[in-house]
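K.L.:
Fold the following and give me the result.
(one chain, ligands or ions: 3)
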Amino acid sequence: MNLEKIIDKKNTDLSKKIDKQKVPEHVAIIMDGNGRWATKKGLARSFGHNKGVNVLKEILKASKNLGCKVLTVYAFSTENWTRPTKEVDFLINLFSEVLEKQIDEIHQESIRIKFIGDLTPFPATLKKLIQNAESLTKNNNTFLLNVCANYGGRQEIVKVAKEIASKSLSGEIKPSEVNEELFNSKLLTSGIKDPELLIRTSGEKRISNFLLWQLAYSEIYISEVLWPDFNEVEFLKAIIDYQSRNRRFGGIESLPNKSFKDSKYSS
Ligand code: IPE
Ligand code: IPE
Ligand code: MG
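P.N.:
Ligands and ions are numbered 1, 2, ... in the order given. As a prediction, this is how the structure comes out:
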């Protein structure tokens, strides 16, 4: 049997174990380990980032086929600017390159793409590509891909706090009217239900400033696999593990199909 056939068989075997009624609608991923993957192979870190793009394509397809509705990936954090300029520049170029090459296919697949984060420091060419990609795909409602770029969870919370403070100062809202629902509606993810599942690759067990508000009750799955080696089989393993969890939301009973607080922002 050739390698492709073996992988296909593995996928089918794992797919059988998946309860189609309990597929998470929203999966968030911290795609980590690109640099280590390349270094281990004696290559420059950029090779890991390049390989990581192909993995994202595979996981996007796999999650859509499985019946997920939203995939949110961490592509560049507010802290990643502290990396050597060469690496930062490479990543910024890679975002432009990927958008240019992949946007038609993304659109054909009826996927909506959105960028989440403060895009101001990015070059004008990238900002234009992002704007075009978002407007081209804005009516696609089969699947949503959120790309978090120059994103930080704390910065997002501070942004919301500032907006609410200024509305309160101008008398538009009373401090007593500030609640979770209002806060939620001003987040960069407003209108999107919180992720049921967070996957982090490369074995690191931390959140690294990702979706601090939204992950309040997400199930966390740590994969030891480095992102460039991650694939559909590893993704299905994460889904199967997620389906075995008891989600109690602070209560006593397991409520697998409920969302955190079941707010109107969760479907
Ligand atoms: C994740 O891989 C990609 C980005 C942060 C852009 P890393 O580049 O963090 O790879 P490691 O963690 O150093 O191996
Ligand atoms: C988180 O990974 C950011 C992205 C995957 C884009 P990092 O590699 O930057 O996080 P730390 O430094 O290990 O916490
Ligand atoms: Mg890392």
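K.L.:
Isn't residue 178 up against residue 165?
P.N.:
No - using Cβ atoms under 8 Å, residue 178 is not in contact with residue 165, being 9.5 Å away. To be clear about C-beta, it is placed using only N, CA and C from the backbone, and glycine gets the same treatment.
K.L.:
List of residues touching stretch 2-14?
P.N.:
1, 231, 232, 233, 236, 237, 240 (Cβ atoms under 8 Å, 6 or more residues apart in numbering).
K.L.:
tell me the phi and psi of the closest residue to residue 248 other than its chain neighbours?
P.N.:
Counting by Cβ to Cβ, 6 or more residues apart in numbering, residue 254 is the residue found nearest to residue 248 once chain neighbours are left out, at 5.9 Å. Backbone torsions for residue 254, taken as degrees, to the nearest 10, come to phi -80, psi 130.
K.L.:
Report pLDDT for residue 254.
P.N.:
For residue 254, the pLDDT comes out at 88.
K.L.:
The nearest residue in space to residue 233 that is not next to it in sequence: which element?
P.N.:
In space, and not counting its chain neighbours, residue 233 is closest to residue 10: 5.2 Å by Cβ to Cβ, 6+ apart. In the assignment (DSSP states H and E), residue 10 maps to helix 3-16.
K.L.:
Show me what counts as buried in that helix.
P.N.:
By neighbour count on 16 or more other Cβ atoms under 10 Å, the buried set for helix 3-16 is 11, 14, 15.
K.L.:
hang on, the earlier thing: from the contacts of stretch 2-14, list just the buried residues.
P.N.:
231, 232, 236, 237.
K.L.:
Double-check that residue 76 belongs to a strand.
P.N.:
Yes - assessed with DSSP: H, G, I helix; E, B strand; the rest coil, residue 76 lies in a strand.
K.L.:
Begin at 474 from now on, thanks
P.N.:
Right, with 474 as the first residue, what we last looked at is residue 549.
K.L.:
give the contact list for it.
P.N.:
Contacts of residue 549 by Cβ under 8 Å, 6+ apart are 564, 568, 590, 621, 622, 623, 624.
K.L.:
So which of the residues you listed are in helices?
P.N.:
564, 568 (DSSP state H).
K.L.:
is it possible to export the contacts of residue 549 to a markdown table including neighbour count, pLDDT and distance to residue 671?
P.N.:
Output for the contacts of residue 549, formatted as a markdown table (neighbours: other Cβ atoms under 10 Å; pLDDT from 0 to 100; distance: Cβ to Cβ, whole Å):
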| residue | neighbour count | pLDDT | distance to residue 671 |
| --- | --- | --- | --- |
| 564 | 18 | 98 | 22 |
| 568 | 20 | 98 | 22 |
| 590 | 22 | 98 | 17 |
| 621 | 26 | 98 | 12 |
| 622 | 23 | 98 | 18 |
| 623 | 20 | 98 | 20 |
| 624 | 25 | 98 | 14 |
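K.L.:
right, and out of the contacts of residue 549, which lies closest to ligand 1?
P.N.:
Ranked by distance to ligand 1 (Cβ to the nearest ligand atom), the contacts of residue 549 are led by residue 564 at 5.6 Å.
K.L.:
dump the residue contacts of that closest one.
P.N.:
Contacts of residue 564 (Cβ under 8 Å, 6+ apart): 522, 548, 549, 553.
K.L.:
hmm, try it at 7 Å
P.N.:
522, 549 (Cβ atoms under 7 Å, 6 or more residues apart in numbering).
K.L.:
where does residue 519 sit relative to ligand 1, distance-wise?
P.N.:
Per Cβ to the nearest ligand atom, to the nearest Å, residue 519 is found 10 Å from ligand 1.
K.L.:
Which parts of the stretch 474-623 of the chain are helices?
P.N.:
Using DSSP state H, counting those that start in this stretch, the helices assigned to the stretch 474-623 of the chain run over residues 476-489, 507-513, 518-539, 558-581, 597-609.
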